[in-house]
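K.L.:
fold the stuff below for me.
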Amino acid sequence: EGTNSVYAIGDLALMKTPRYPTGHPMVAPVAIQQARLLGKNLVRQEKGQPIKPFRYLHKGTMATIGRNKAVVDLPGNISLGGLPAWITWMFVHLVSIYGLRNKIVVLINWVYNYFTYDKGTRLIIRKFKPAFLNGGKDRKAVA
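P.N.:
From the prediction side, this is the model:
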């Protein structure tokens, strides 16, 4: 507070409201909605228009907890568990992937992994030397 040019969104922002007296949940949908509004508000501010306040639209919560196991809580007190929740989780995530080709590749990978129990490689590990130990030659680190 007290400045016109510093903004915080996502986990950095503590925004207490009557519905969220301890702040909004620290989940990606909150940060995504805040980022979209901030972008629009920055444009509005440049045009000399008043900025709009943030209002979080809760679309539901989902978590996968294992093979054929998940939990889904949707608005309207709709809760799912087990296989139906797992399928819902997969569908929502598949729909959110950008591009038809990417969706098809991900779906094929999921089906293959489901039937083969192949978890695939989850980490990429490569030796890394900082520049000061590498004679000043800079090498990029892979996270």
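
K.L.:
do you have the helices of the protein handy? List them.
P.N.:
Taking DSSP state H as the test, the helices found in the chain are 28-46, 82-96, 100-116.

K.L.:
tell me the centre residue of this structure?
P.N.:
The chain has residue 28 as the residue nearest its centroid, 3.8 Å off, counting by CA atoms, centre = their mean.

K.L.:
where's it relative to residue 35, distance?
P.N.:
Using CB to CB, to the nearest Å, we find residue 28 at a distance of 10 Å from residue 35. No exception for glycine: its C-beta is placed from N, CA and C like everyone else's.

K.L.:
swap in residue 99?
P.N.:
Distance, residue 99 to residue 35, by CB to CB: 21 Å.

K.L.:
neighbour count for the two, which is higher?
P.N.:
Comparing residue 99 with residue 35 by neighbour count (other CB atoms under 10 Å), the higher total belongs to residue 35, at 13 against 8.

K.L.:
how much space between that one and residue 67?
P.N.:
Distance from residue 35 to residue 67, by CB to CB: 33 Å.
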